[in-house]
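**Q** starting from these lines, generate the structure:
(chains A, B and C)
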Amino acid sequence: MSITIDRISKTFGRFQALRDVALEIPEGKLTALLGPSGSGKTTLLRIIAGLESSDSGRILFGGEDVSSLHVRNRNIGFVFQHYALFRHLTVAENIAFGLESLPRRQRPSKPEIRQRVAKLLEMIQLPQLADRYPAQLSGGQKQRVALARALATQPRILLLDEPFGALDAKVRKDLRRWLRALHDEFHFTSIFVTHDQEEALELSDQVVVMSQGQVEQVNTPTELYAKPESRFVFDFLGHVNVLSGVVRGQKLVQGDAWVSLPGNRSEQEAQLYLRPHEVHLARAPDAHARLPLRIDAVSLIGSEVRIELVPEGWQSNEIWEVGMSHNEFARQNPSRGELWYGVPDIGHLFSGDNGQPKTVDWHCRDVAKACNI
Amino acid sequence: MANAHRRVGDQPWVRRSLIGTALLLAMFMLVIPVVVIFAQALSAGWSTFADNVTDQYTLHAIGLTLFVAALTVPLNLVFGTALAWSVTRFHFPGRKLLITLIDIPFAVSPVIAGLLYLLLYGRNGWLGGWLANYDVQLMFSWPGIVMVTVFVTCPFVARELIPLMQQQGSEEEEAGVVLGASGWRIFRKITLPNIKWALIYGVVLTNARAVGEFGAVSVVSGNVRGETNTLPLHVELLYQDYNVVGAFASASLLAAIAMLTLVVKAFVEWRQSRPIVSTPEKEVS
Amino acid sequence: MSASANPSVAPVRRFSGRSKRVLPGFGLSLGISLFFVSLVLLLPITGLVIETSGMTWDQFVFTITDPRVVESYKVTLWTALAASLFNGFFGLLLAWILVRYEFPGKRIVDAFVDLPFALPTAVAGITLATLFAQNGWYGQWLAKLGIEVAFTPLGIVVAMAFTSIPFVVRTVQPVLEELSPADEEAAVSLGASDGRVFRKVIFPSLWPALVTGIALSFTRSLGEFGAIIFIAGNTPYVSEVTSLMVFIRLQEYDYAAASAIASVVLLASLVLLFAINLWQGRYLRRLEGR
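**A** Next up is the predicted model:
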C-alpha cells in the first residue's frame, strides 16, 4: 500500500508546523522522516496516522483518500515514542488488545486470538514474558512488545515515532537490525521518524529530510549522502568542512586560504562544502588550493583515523575534520600542533542564495576547466 | 541522605529541633483535637454514648446525612470524571477558565453558597417563585440540602483526577484508538485502571465533605429536628443545648468518617507510589 | 521534492471529518461539564445579582458600610492574615520535615495533615471551643499565662489556621521534593553556611509555591464559618466575621442586606481566586520556559 501526501499544511496557533508538504511513500519500502526537532516530522507522521488533523491537503493510501477517515478505521500500526503500553494489562493482553477491539463479526475466536498472540510473542522472541506487566520489562523488550501490538491486527501500514529514541546504544543497534529483518520479511509500508542521521541512512530505503515544516530532499541513503541539494541537508547529514569566502579571479578566497575555481568569474560570496573524505592532507599547499590547518586532535578509534583541525590565518565556524586510513596515518605520522594543508578532491559550491550546489572536481584538472558534474 | 552528601539542615541538632517543633505543633493542632472528640463522646461512659447515638433524632440525622451523601457523591463522580477527561484530553478555548471555575466552591464561603441557592430557589427567588406555582419547594427541605452539598463538594473528584491525568498523558488512549477500540472500551480498559485510586480517594473525600457540610446546609435546611437536620446541624443543636456529651457523640461519628478518609488516602498514595508489580528484570534476549 | 499527487483531483474538504477529535467523548464530557458548571456554579449567582440590583446604590452602600459590618471586614481580614501567615511558617516546617527527614510516625503525620480537609468544620469548631475553653485542656494552661483564646479574635485565628493548614503543606511539598540536591550540595561544598544556602538556593525556588499556599489559605480563611462560630464568641464589633454577618442578616430575614454583604465577599473571593490562578499559571510557565 503506497501512501500519498498531497499538499498537507498544519499550524499550531501561530506556529506553522507543516507547509504544503507533498510526498510519495512507495509501497513495501521503509522510509525515514529525518529532521531536527521542530521540523514537523512527527506532526506529519501523526497526520498520516490520523492522530492529528491537517488544515488542508489530503492523505491517500493506495490511491484512496483517507483524510476524513478516523484513525480507528485506517488500519495502521503505530508505535509510539514512549511505547504507550497499557500499564495495567499484561504483555499478552497488550498484544491481544487490537484483536479484541475488532467488531464482533471480524473478531477472531478466543482460542484463535490466543494463538495469534503466541505467534507474535514468538516473533518478538519474548514468549516467556507473556504474563509480565510493562513495568517489568526493559526498554528494548517494551519496544518489541509495542511492535507486536501494532502488528497484531495485520495493518497495511506501520508508522513508528522515534522508535529507538529511548534506548541505549547497544540495544538500539540490535533492534535496528531486527526491525529491518522484520520489514524485509513482511513487506508492509513503513515510515519511521528519527532525528538520528545515522539511523536513517542505515535503516531505510528512502530518506525524507525535513526542515521547518518543509521537505528538503528525498532520496535513497547513498544518493542523499553523495548529492545533498541544499546547505541544510549538507549540514544535517554527517560532518562537513566549510570554507566561506569571496569568489575573486577564479578563486574562492578568505584570509590566507584560497581554492581555485576555474570558470567562476562573478565576484560574489560563496561557500565551499567538503565532506571529510573529500579532502586529504599534505605537508605543502597544492597548486589548486591553499588551506593551512593546524592539527587539534587525532582520534584513532574506528576503521579510519579522524583528524580534527583548526584553520590557521582564516576562519571557520566549525572545526575541520579529515579522515585518513590507518596505513596512511602510519606513513605520514601527523601529530598534534603541526601545520598541514588541506587538499580538496571534490567539493560542493554554494553561491548567492540559490539552493542547489555546484560540484567541483579538481581531479579533472588536465581538462582546461574544472569539470562540473 | 548520606552524610557525605550533606544538604541544608542535615546537622543532627537542626534536624532534631525542626522535627521536634513540627511534631509538637502537629500534636497540639491536629492529633489532640481528634483525641478530644472521642474522649468527650465517651466521657459519660459507653452506655451513654450508645444512648446518644441511638437517640431517635440522631438516627434520623444520620439517615438524612447518608441519604444526601448517597445522592451527592455519584453526581459529582460523573461530573468530576467528565470534567477531568475534557480538560486533560482536549484543547479548546476556555479550557483554563473552566479549570478555574470549578475552584469557586473552594473560594466561596459556605454561608454565601447557601445564600446563593436560597436567593434563586427560595420562595422569592425567580426560579423558586416559578417552582412554587407547581407546589415544588426545594429550600428548607432535603432537595435544597442536596443541591448546596453538590455545590460545595463538586471540585473534589476533578481536583484529584486532573493532575494525575495530565501527568499520565493521553498516549495510552491514543494507542487504544489506533488499535480500533471504542470510546467505552478505552475508558474501561485503559483509563479507568490508571485513575482508579485517585478516583477512589476523590470519592471518599467528596463523601467526607458531603457528610460534614455545615455552613451552606445550615442556611438552606431550616433546622427542623427530625426532618431537615443533618448530622453536623444536629451536633450544633446539641451543643447549643449544652448537651456537650451528646454533641460529641454525634461528632465522633463524623470524626470516624474523617479518619477513615485519611486511611484511604494513605492507602491510595501507597498504591500509587508502588509499581504495578515489583521485581523488574534484566533483558532476556 | 520527490513527487506531488495527482493534481487533477482538487484537495477539497469533503466533510468535517478532518476536525474530528482523535480521542472519543469530547462532546459528551464537555457537555456534562458545561451543563454542570452552568447549573450548579453559575446559575445561582444570578439570584444574588437580581437581589442586589433591587437595591438602590445608596441602600447598597449604606448596608455594606454599616459600622458593625465594616468592623467584621476588619476582623476577618486581620485574623485571616494572621492565620495564613502562621500557616506559612508551620506549613513550610511540616512540609520540610516530611520531605527531608525520616522519623518514626512520618506516614501518620503526613496523613494527619489532611485532617482539616476531611473533618467537618462544625466538629472542628466544637472541638477547638472545648479545648480552649476556660476549663479546657489548653484553656486552663493558657489562662495561667493570661492568654484568652476562646471568645476572642485569637480564637478565630486558631480556627482559621486549623482549617487551612493543608493548603500550604500540599502546595510546598511537591516543590521541595523536586529541588535538585546538586545545587544545594554544590553550594554547601563551596563552604556556604546552611542559612545562606537556604536563602540563596532553596528559597528562590520555593517562594512562589509558598506564596500560593499562603494565598489559598487566606482565601479559605476569609470564607470560613463552621469552625469559627463556636469558638469566636461572636461579640459584635469584636469577634464577628463577615460570613457570620451574612448569616445573621439572613436569620433576620433581611435578604437584601445579606445579599449586599455577600456580594462584597463573593467579589473579593473571586478576584482572589482568579489572581491566584493567574499567578500560578505565570509562575508555572516561567518554570517550564527554562
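
**Q** flag the shaky bits of the stretch 151-300 of chain A, pLDDT-wise.
**A** A:264-265 (pLDDT under 70).

**Q** residues from it in reach of chain B?
**A** By CB under 8 Å from any CB of the partner chain, the residues of the stretch 151-300 of chain A that approach chain B are A:A152, A:T153, A:V171, A:D174. For the C-beta atoms, the positions are set from N, CA and C on the backbone; glycine is no exception.

**Q** and the next element down the chain from the one helix or strand in chain B whose mean pLDDT sits lowest?
**A** Each helix and strand of chain B was given a mean pLDDT (mean pLDDT, DSSP states H and E); the minimum falls on helix B:126-133 at a mean of 86. Toward the C-terminal end, the helix or strand that comes next after helix B:126-133 (DSSP states H and E) is helix B:142-153.

**Q** list the buried ones in the longest helix out of those in chain A?
**A** The residue-count maximum for a helix in chain A (DSSP state H) belongs to helix A:169-186. Neighbour counts using 16 or more other CB atoms under 10 Å in any protein chain shown place A:V171, A:R172, A:L175, A:R176, A:W178, A:L179, A:L182, A:H183 of helix A:169-186 among the buried residues.

**Q** put together CSV for the residues of the stretch 151-300 of chain A next to chain B, with distance to B:N124 on each row.
**A** CSV is the format used below for those (distance: CB to CB, whole Å):
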residue, distance to B:N124
A:A152, 65
A:T153, 63
A:V171, 73
A:D174, 77
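
**Q** the residue of the stretch 151-300 of chain A found nearest chain C in helix, strand or coil?
**A** Residue nearest to chain C within the stretch 151-300 of chain A: A:V218 (3.8 Å; CB to the nearest CB). Secondary structure, DSSP: H, G, I helix; E, B strand; the rest coil: A:V218 is strand.

**Q** am I right that A:Y341 sits in a strand?
**A** Yes. The assignment for A:Y341 by three-state DSSP puts it in a strand.

**Q** number of residues surrounding the closest residue to it other than its chain neighbours?
**A** In space, A:Y341 comes closest to A:P285 once its chain neighbours are excluded; the distance is 4.6 Å by CB to CB, 6 or more residues apart in numbering or on different chains. Neighbourhood size, A:P285 [other CB atoms under 10 Å in any protein chain shown]: 16.

**Q** got the residues of the stretch 151-285 of chain B near chain C?
**A** So far as CB under 8 Å from any CB goes, the stretch 151-285 of chain B lies against chain C at B:151, B:154, B:170, B:173-174, B:177, B:182-183, B:186-187, B:205, B:208-209, B:211-215, B:218-219, B:232-233, B:235-236, B:239, B:244, B:247-248, B:251, B:254-255, B:257-259, B:261-263, B:265-266.

**Q** what subset of these is buried?
**A** Among those, those classed as buried by 16+ other CB under 10 Å are B:151, B:154, B:170, B:173-174, B:177, B:183, B:186-187, B:205, B:208-209, B:211-215, B:218-219, B:232-233, B:235-236, B:239, B:244, B:247-248, B:251, B:254-255, B:257-259, B:261-262, B:265-266.

**Q** if we can go back for a sec, what angle sits between the least confident helix or strand of chain B and helix B:142-153?
**A** Orientation note: helix B:126-133 sits at an angle of 160 degrees relative to helix B:142-153 (axes from the mean of the first three to the mean of the last three CA atoms, to 10 degrees).

**Q** and helix B:126-133, what does it pack against?
**A** Applying 3 or more CB pairs under 8 Å, 6 or more residues apart in numbering or on different chains; DSSP states H and E, one finds that helix B:126-133 contacts helix B:110-121, helix C:43-53.

**Q** swap the cut-off to 6 Å and go again
**A** Where contact means 3 or more CB pairs under 6 Å, 6 or more residues apart in numbering or on different chains; DSSP states H and E, helix B:126-133 is packed against helix B:110-121.

**Q** near chain C at all, the helix it packs on?
**A** Yes. Using CB under 6 Å from any CB of the partner chain, helix B:110-121 reaches chain C at B:P110, B:V111, B:I112, B:L115, B:L116, B:Y117, B:L119, B:L120.

**Q** any chance of the buried residues of helix A:169-186 in TSV, plus distance to A:R87?
**A** Formatted as TSV, those follow (distance: CB to CB, whole Å):
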residue	distance to A:R87
A:V171	21
A:R172	23
A:L175	21
A:R176	26
A:W178	24
A:L179	24
A:L182	25
A:H183	28
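
**Q** ok, the following helix or strand past the longest helix of chain A near chain C or not?
**A** Using DSSP H and E, the helix or strand that follows helix A:169-186 towards the C-terminus is strand A:189-194. No. Between strand A:189-194 and chain C, judged by CB under 6 Å from any CB, nothing touches; the nearest distance is 13.7 Å.

**Q** off-centre distance for the strand or helix carrying C:A186?
**A** Here C:A186, judged by DSSP H and E, is contained in helix C:181-189. Its chain's C-alpha centre and that of helix C:181-189 lie 33 Å apart, by CA atoms, centre = their mean, to the nearest Å.

**Q** what's the answer for stretch B:196-209, then?
**A** Taking mean C-alpha positions (CA atoms, centre = their mean), stretch B:196-209 and its chain are 6 Å apart.

**Q** likewise stretch B:61-72?
**A** A distance of 14 Å separates the C-alpha centroid of stretch B:61-72 from that of its chain, computed with CA atoms, centre = their mean.

**Q** using CSV, write out every CA atom in stretch A:284-291.
**A** This file holds the C-alpha atoms of stretch A:284-291, laid out as CSV (Å, rounded to 0.1, in the frame of the first residue of the first chain):
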residue,chain,number,x,y,z
ALA,A,284,52.6,21.7,1.5
PRO,A,285,49.9,23.6,-0.3
ASP,A,286,48.7,22.2,-3.6
ALA,A,287,48.6,24.1,-6.9
HIS,A,288,44.9,24.4,-6.8
ALA,A,289,44.3,25.0,-3.1
ARG,A,290,46.0,26.5,0.0
LEU,A,291,44.2,25.6,3.2
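
**Q** stretch C:138-146 near chain B at all?
**A** No. On the criterion CB under 6 Å from any CB, stretch C:138-146 is out of touch with chain B, staying 7.5 Å away.

**Q** swap that for stretch A:143-150, please
**A** No. Stretch A:143-150 does not reach chain B (CB under 6 Å from any CB); its nearest approach is 7.2 Å.

**Q** for the stretch 51-200 of chain B, which residues are neighbours of chain A?
**A** With CB under 6 Å from any CB as the criterion, the stretch 51-200 of chain B meets chain A at residues B:E171, B:E172, B:E174, B:A175, B:V177, B:V178, B:L179, B:G180, B:A181, B:I190, B:P193.

**Q** pull out the buried members of these.
**A** Buried by 16+ other CB under 10 Å: B:E171, B:E172, B:E174, B:A175, B:V177, B:V178, B:L179, B:G180, B:A181, B:I190, out of these.

**Q** and the two most separated of those?
**A** The most widely separated members of these, counting by CB to CB, are B:E171 and B:G180 (16.4 Å).

**Q** one step back: the least confident helix or strand of chain B to helix B:110-121, inter-axis angle?
**A** For helix B:126-133 against helix B:110-121, the angle by the same axes, to 10 degrees is 50 degrees.

**Q** now helix B:126-133: buried residues?
**A** Under the neighbour-count criterion of 16+ other CB under 10 Å, helix B:126-133 has B:L127, B:G128, B:L131, B:A132 buried.

**Q** in chain A, which residue sits closest to chain C?
**A** Chain C sits closest to A:S68 of chain A, with a gap of 3.0 Å, by CB to the nearest CB.

**Q** tell me which residues touch the residue nearest to the spatial centre of chain C, please.
**A** Geometric centre of chain C, nearest residue: C:L216, 2.6 Å, by CA atoms, centre = their mean. Listed by CB atoms under 6 Å, 6 or more residues apart in numbering or on different chains, the contact set of C:L216 reads C:F167.
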